[in-house]
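Student: Turn this into a structure:
(5 chains)
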Amino acid sequence: MSVFTIEAGLALLGLVLLLVEAFKPDISRRTLGLTAIAGTALALVLLVFAKHDTASLPSFMQPWHQLDTLALFYKGFALVITLLVLWLTLECAPYLTRFTVDGKLAEMFSLPLIVCVGMMWMASARDLVTVFVALELVTVSFYVLVAFARKSAFSLEAGVKYLILGALSTGILVYGIAWIYGATGTMSFDGIAKALANPATSKTAALFGAAMLLCGLGFKVAAAPFHMWVPDVYQGAPTPVTAFLSVGSKAAGFVVLTRALDAFLVEGSIIATEIQALLLVVGSLTALLGSLPAIFQTSVKRLLAYSSISHAGYLLLALACRDSARFDLSSGGIVAFYLATYLPLTVLGFLGLGLMRANGLGEDIKDFAGLAKRNPLLALLMTISFASLAGLPLTAGFIGKLFVFLGLADHGYWGALSCAVIAAAAGFYYYFKTILAMYTSEGTDSPALTLSTATKSVAGVLALTILILGVYPKPLQKVLTPASEAVAVK
Amino acid sequence: MITLGHYLVVSGMLFALGLAGVIARRNIIIVYMCLEMMLSAANLALVGFSRFHLVNGLPDYTAQSLVFFTITVAAAEVAVGLAIIVALFRSKQSVDVESVTKLQG
Amino acid sequence: MSVLEIIIALPLLAALAIWLGAPARAASLGATFLNLILVLVATVQYSGKAANGLAFTYSRPILDNPSLSFAVGADGISLILALLTTLVMLSAVWQIEDRPNIFYISSLLIGGGALGAFLTTDVFFIYAFHELALIPTFLMIALHGRADAAQRKAVAWKATIYLGAGSLVLLVGLVWAVLEFSGGSKLTFDLEALRNQATLTPLPAAKQAQIFFVLLLGFGSLVSLFPFHSWAAPAYATAPTPVAMLHSGVLKKFGLYGLIRIAMPLLPQAVHVEWVQNALLLMLLGNILVMGLVTIHANRLDDTLANSSVMHMGYIFLGIAAGTEIALKGAVILMFAHGVSIALLFGLCGRMRNQLGTLEYNKLGGLAAHAPAFTVLFAFGAFASIGLPGLTNFAGEVMIFAGSFTSFKAGVLSNLHWTVFLALWGVVMSAVYMLRAYRSIFHGSATTGLFMIDPAVSQRVPFILLAATLLVTGCCPWLLLNLMKSAL
Amino acid sequence: MHASIILLLPFFSALLILLGHRQLKGAAVLISVGSSIISFVACLFFLAADDDNKLLLPFIEVGQLQAGIDVLIDKQSRGMMFIVSFIGMLVHIFSLGYMKDDDAKPRFFGALSLFMFSMTGIVLAGNLIMMFIFWELVGLSSYLLIGHWYQKASAAEACKKAFLTNRIGDFGFMIGILLLFGANGGNVNLDDLATAFSSGPLRPDAPGYSAGFTTAAALCIFLGAVGKSAQFPLHVWLPDAMEGPTPVSALIHAATMVAAGVYMLVRVSFLITASPLAAEIIAGIGCVTALLAALMATQQNDIKRVLAYSTLSQLGYMVMAVGAVAMAAQHGHVPHAAEPGHPAMFHLYTHAFFKAMLFLGSGAVIYACHHEQDIWKMGGLRKHMPVTFWTFAIGTVALMGLPPLSGFWSKEAVLGAAYDSGSNILFHAGTLTAVLTSFYMTRLLIVAFLGKPRTDSAHHATEAPMVMILPLAILALFSIFSAFDILSTPLQAMKPPHVEGHQTVLFASLIALIVGAGGAIYLYRGKDKDPVSIKLFANKFYFDEIYAVIVRVCQDRLAWIVTGLERVFVDGLVARLPAAIVARLGAATRMLQGGHLQGYTFLLGGGVIAVVYLVVFVLPRLGH
Amino acid sequence: MPPLLFYLLALITLGFGFMVVTGRNPVTCALSLAASFVGLAALFLSLDAYFIGIIQILVYAGAVMVLFLFIIMLLDIKAEEGKKLNLPAIVSGVLLAVLLTIQIIAVVSGTGFAKKSTANTPLELAEAAGKLGRAALPTITNDLKAGTLPDAKLIGFTLFDQYGFHLQVIGLLLLVGTIGVVVLSKRERSGTP
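Tutor: Here you go, the predicted model:
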């Protein structure tokens, strides 16, 4: 079975779910949600057994579609996050439905499937047209998802902001594509790489186009100074969507960024120095601009949004470190690794938020007060998640950070490294602030929180993943290692 | 003589004009129009480049395909965007950007 | 499977068991006692093995390249510190009374983290285990500290940010060292491999100095090296007793351990590079003289102890700055000695606060008449920290001083030697504040209203254990030195 | 073997008593006294033991640093050992009576045993590090014993003061040890050091020899002795140390511990001899101490304080002798190469007996007068306490140097050394001190024992019990005969040979005796009140007040200032400033997120322009 | 193409664009945008992109503008006349626009693009006919041989041959858009206001 078939099937499932809901309005959201989850899970299983080489694709697809390890990894990644988001939606359903128009959530189950498919295609894209089309599929779906709980003023506001800024970034992206195309005469990454390695190519035009393109992509991955939408939109969007944006959308942005940078920074590229310098500057700035304002946040959700920006900064710095011949992972591999570790901890964090909401509480730090008394398990899991976000060792969050530090130090980027260190140090403050709140004695008079067994087990699995990846990252590295070889060979 | 440069400058000016509108205008619908202008400016650059990047002596139609996609996507975006704006208007009776400033900090 | 893995895992498992509902006191006492026995057995075995190199090694790879592995192994230094950890952990856990389970859990976590840091041989895990102790320390100070909520939180924040930032700087330094000493094309975090590479292809001294300095800043802020010390005193003064005992007694030694185990072997010439040595000497003089005066100024017992703990770090740094074998071994002995004595003092101090409600000198007096056993125990700690011969600290200090003079040519005094003289003046200062404390609390006639009695016999055990350790290793420092025959 | 018994017996006794005194109760006293007696007996055997150095216990053995508990057995240590164990035993016995009613008796005896242990360690020490170890430990036992009645504020302060003052001395001692340690390649064995100075790397013609270094090392070591032997300017602790029980004053603060400084100086005399300057300074300090203390003693009214200043003065004498002998040696006077009798040690030996006896006698008086110590509230005790009076009188005249009592011989030896040193000042000051000694001792005897009782407590005083009188009597015998060869030779008391040609010295000391005693009799006979009042002497030259100011300014005020600076600058620059900057930056960057869409679009557009500017217009120029 | 015509078209495009940005009345703006897009479409035509030009008019000037007008009418949005101008926003918008224009002009002048014109890079229709390879459908070849540019055919061929998949994705995207519109703008059924 080809991977492509799985993707098409998943898109179809999304459509079918919509149709079912349209023609059978009384179908329960549980059935819908579980079907979507089952479909995604099936897709995940099938992905493992599907054919894994570009050669297995139809020949007309090969110029713009590839199935290297990185692509497969991100496809799996997209499926996992979609699965978790769907489940998170089910968890949050009782509270979400209060903000939808007719108390229904069908689209909340079908649209993520389509987003997932878009992300999977994006992972395989090897030319800018495909990137653009897949990216827009994801973005437009997200416009809808962010504003989905439109009876909530926050959700609507987030939708408007995301819409305007997203469209603006699309304009910038297309303009960048145009100039890249103008400079290199091709849309495919391979062609761009080839053209950029040719000294006859106009450097100014290429730089201008690359800068514009990176600005457009920078918006998607929340790179400073294109990050200002993130806190507002993350805070306003329904929690599952926020998790999706924070992990899925960002990962999709990064896979494209990885591909684009592989082309821009190819051996002998005329624009490599400048782009690399840009990445360092932007990465450092992002890490700082994510970390510093977070110090004063009182809303955990907004705090997670800033944290997400800060992490994007580390990822950008990882991308800036090319050719780390000293360790097996390429910079793209490090980014993938980082994102894979970032996934469980972020989802766990948002799960906590969702559960607070579902239990009628707010999303502020003060709402977390006394959680350790009200539900020790949840408090422990959240502690693990936040400690890992802070980058404490023996959790998954540390390994990614370690790789970034290793890469930066290996190249002697001390300035960027110090920015990353400052950002991480500031991170200790705001992550620990939340942890502290959970263990204070204040607020213990609030009612106890109860978790369903399913919730407990999923959250437990996520926490275990964080811990296991923190002390045994080898499997993940194994999965990603061939990717770097493929990249290197190319 | 009209060169590719002229087209690019016109496209750039249109893009800049759109950006100015996006920043300066308060009416979200007009902001949205300006965004469409920016997309179109990008299209102009694409078409210009495609005309002068001859493949087999013909304009490069991959770039024009992208223009086609861009126009389509823009249409879809406009549809969704206007729907959101309508929802916003229903909830706030306003399409002023200053009506959406609750999320901040 | 190595016995060290059991030693590391035991406290962590006990903490987990308590969280799951096991009886807290029994579980933690059992685990820590068993741990102490295990470490003792390992120590005896090790000294039986002619005390040579790493023993009890075992390695489980967790990542190929960069090569990380969960590798345990111990030499004399590790075992001495493991012994210190288990001793202090047992005492700390033992003296907890009528407190929530979180006291036991966090004590076990801090101790377990310290054990992990001391007994693993992979830089990654050495670093990681130390960080493990950060959260419990932070939570305990912030939640169960002794000041009012706002103040104890501020203190907890200060300590945490300092320790966090310090450990990040440390991480940078470690990463740098790993990159420089991995050799070949593959990165490795294995300490032995790094050391081999460092001996095969040493770096130029100037470069060593740079790396060493970064490591010094990182490790130094964990050990409250002047001027990165201002977190320590308030944190210890505020922290709940077991945390103060464990952190000041054990966990703080991690930074010094790191310098001796990681930085010195990899960068042997660094401390002899002039600017590094001068900088280090200046900083440690800050510890000794400035903090000595600050301690003299303190007028509460907890402040005195906390500041003195910062001050005494200066001596250990002096051993590192001297860099000779005698001085470094002396530094290890002093680490052990300081750990035991300060844990003893903080333990007693906590008990006093619980019973008396205040530690201000001008409100106390004459306790010796009511609590003679308590007084004797306190005297052990106080005189040990003064550096009285017969108690362990003296052996460490004298070795450090002597070690600084091994390369002495008559009539030519280097900066190091002058620093030793000034540091010796610090010994006088520490006598000043310790005796003042002792005088104000135990001598004189009892002030009305402030009255305390000796702890129950069962509650004396942890303190007696620590005091006896001070006496035995103080009279026979060769017991510890035998373990380090080849460690450096 | 004997050395081990002598050293370890009191150690275990001390350990046992201090750790278990509440369980042991009365047995503690027996253990302590018993151990002191056994020690004394062992010590008698020890006097005849072979001369050999041996390692008793390992302590620290790393590389060059080989510091063990090893003993150096020679004449000096044997003689000193006899003094220590003998007087120690007597004081133990005396204390049985004196401390009978004390609640904390076990603690007292435990500390006494600890002292015996530490003092033995000093005496036997074969290397400087071992000596330093026990040096500190006697400091501890002295601290514990002075502070025995810690409920009294004055006692609590006194023990602290004693310890701290000694610490200052030890500071120098340690530096000196380190200097020698470094210079002699890590070897601080006394024997080896002596070799090093005579023929080793530290001999004057060795390459790299530095006279300054030798002087510095000698003076640093001497600073240790200054602290322990209460020399000027660190003498202030000794009078205060009289807050301890009187037996303690007799044993520790008169006979043995304070003499340890002198003993140590004699031990390292090779070092002092090597440096002329150091020898002069040492002699000078000793001389100043002797004179100042004697002047202070003339105006004291507390019976123990008079004795304390007298002790100070005599210690100054001994130290002066050490310096003087070294100076003399530099002039080519090596009067006793074959028989190394040292005047200082000789005086130490005789002084130990009569001063211990005087203290014990004063203890008996204080005990009889219900802890009254003011001599002007005594008087007429001769009748009520005849034995005490006669022993006290023997002690007094021995101290004054009446021939042929022991004090006469040793004082003459010291004055002879001063005479030999070639410095007139030393000799004259020594003689003047002798005059003053006679004066204040006579004054003490007259005021306290003669005349009529001036208070009720003096009136009702009765003779002390047997356990207290017996030691007095034994000591009185020794005070008389100890300087005779029949005693001093087997006890290895280092009596220097009587050198011819010291007529001047003999006359000087006799005249001093007559002038001092006569003056005192003339002034004080039959007086109820002190007819002389010299504020400067009575107030000890205001040393305590000056030191209080120095401590307040140099320590407390400095500590206050440094604490303030540390809080403001160090904490401010290292912690609060960065924190404030980060917080300000955080607040500032947070302002970017104003929630206004127009602001966001502006930032986004501005960002694009900035990035383009950077990438297209700045970086290419920088890069190439 | 005659320079004058280009400048005229550019003026139309930019001028009406300027009116969009400055117009007070949303309806005016929408209509100006339509006019601007017509000018743009003409520019497309001048670049031999006939199909794109037509599409631009059809989709933008036609459908999209109608949608905009429709919404403006539906919501009955008044002109901004009563409202205060946000002066800082206007200043910064103008500033950025000027800066961006300067940058683009600088970039354009820094490249070789200013040298390429339709005159020096003419289409080579006849030669192309021989080199097309797989895309050489008979109709296209015939048209090329006849000297006319089969623009719609060529773009159609590219779209359906090379980018057939993308076309379907676009279809999916439009579907998502439709769903979105339904979800976001459907009225509440009853009861709750």
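Student: Could you give me the buried positions within whichever strand or helix holds A:Phe142?
Tutor: Using DSSP states H and E, the element containing A:Phe142 is helix A:128-146. By 16 or more other CB atoms under 10 Å in any protein chain shown, the buried positions in helix A:128-146 come out as A:128-146. No exception for glycine: its C-beta is placed from N, CA and C like everyone else's.
Student: Give me the contacts around the regular element (helix or strand) spanning D:Val505.
Tutor: Using DSSP H and E, D:Val505 falls within helix D:503-524. Outside helix D:503-524, the residues within contact range by CB atoms under 8 Å, 6 or more residues apart in numbering or on different chains are D:400-403, D:408, D:411-412, D:415-416, D:419, D:427, D:431-432, D:434-443, D:446-447, D:531-532.
Student: Give me the buried subset of those.
Tutor: D:400-402, D:408, D:411-412, D:415-416, D:419, D:427, D:431-432, D:434-443, D:446-447.
Student: Which parts of chain E belong to which domain?
Tutor: Using automatic domain parsing, the domain parsing of chain E gives E:1-83, E:86-121.
Student: shaky segments in the chain?
Tutor: This is for chain A. Counting by pLDDT under 70, chain A shows low-confidence ranges at A:323-325, A:443-445, A:482-490.
Student: try chain E instead
Tutor: E:1, E:79-83, E:134-135, E:188-193.
Student: okay, which residue is most central for chain B?
Tutor: The residue lying closest to the centre of chain B (CA atoms, centre = their mean) is B:Leu39, at 2.5 Å.
Student: for the helix or strand containing that one, which positions count as buried?
Tutor: Taking DSSP H and E as the definition, B:Leu39 sits inside helix B:28-52. Of the residues in helix B:28-52, B:28-52 count as buried by neighbour count, 16+ other CB under 10 Å.
Student: ditto for stretch E:142-151
Tutor: For stretch E:142-151, using 16+ other CB under 10 Å, the buried residues are E:Asp143, E:Leu144, E:Leu149, E:Pro150, E:Asp151.
Student: if we can go back for a sec, how far does the helix holding A:Phe142 sit from its chain's centre?
Tutor: 14 Å (CA atoms, centre = their mean, to the nearest Å).
Student: How about stretch C:442-461?
Tutor: Using CA atoms, centre = their mean, the offset of stretch C:442-461 from its chain centre is 28 Å.
Student: Tally up the residues packed near whichever residue of the stretch 351-488 of chain C sits closest to chain D, please.
Tutor: Using CB to the nearest CB, the closest approach of the stretch 351-488 of chain C to chain D is made by C:Phe408 at 2.6 Å. Neighbour count for C:Phe408, taken as other CB atoms under 10 Å in any protein chain shown: 24.
Student: Test my guess that it contacts D:Gly182.
Tutor: Yes - counting by CB atoms under 8 Å, D:Gly182 is a contact partner of C:Phe408 at 2.6 Å.
Student: shared neighbours of those two, which are they?
Tutor: Common neighbours of C:Phe408 and D:Gly182 (CB under 8 Å, 6+ apart) are C:His417.
Student: mind listing what residue 133 touches?
Tutor: Defaulting to chain A. A:Trp121, B:Phe69, B:Val73, E:His166, E:Val169, E:Ile170, E:Leu173.
Student: right idea, wrong chain: chain D
Tutor: D:Ile133 sits in contact with C:Pro389, C:Gly390, C:Phe394, D:Phe59, D:Gly121, where contact means CB under 8 Å, 6+ apart.
Student: if we take the residues you listed, which one ends up nearest to A:Tyr342?
Tutor: The closest of the contacts of D:Ile133 to A:Tyr342 turns out to be C:Phe394 (CB to CB; 52.2 Å).
Student: Please, which helix or strand holds that closest one?
Tutor: Under the assignment here (DSSP H and E), C:Phe394 is part of helix C:392-404.
Student: ditto for C:Asp454
Tutor: Using DSSP H and E, no helix or strand contains C:Asp454.
Student: ok, it - how many residues close by?
Tutor: 16.
Student: swap in C:Asp98?
Tutor: 6.
Student: quick one: it is in a helix?
Tutor: No - counting by DSSP: H, G, I helix; E, B strand; the rest coil, one finds C:Asp98 to be coil, located in no helix.
Student: so how far is C:Gln459 from the closest residue to C:Leu84 other than its chain neighbours?
Tutor: Spatially, and ignoring its direct neighbours in sequence, C:Leu84 is nearest to C:Gly339 (4.5 Å; CB to CB, 6 or more residues apart in numbering or on different chains). Distance, C:Gly339 to C:Gln459, using CB to CB, to the nearest Å: 21 Å.
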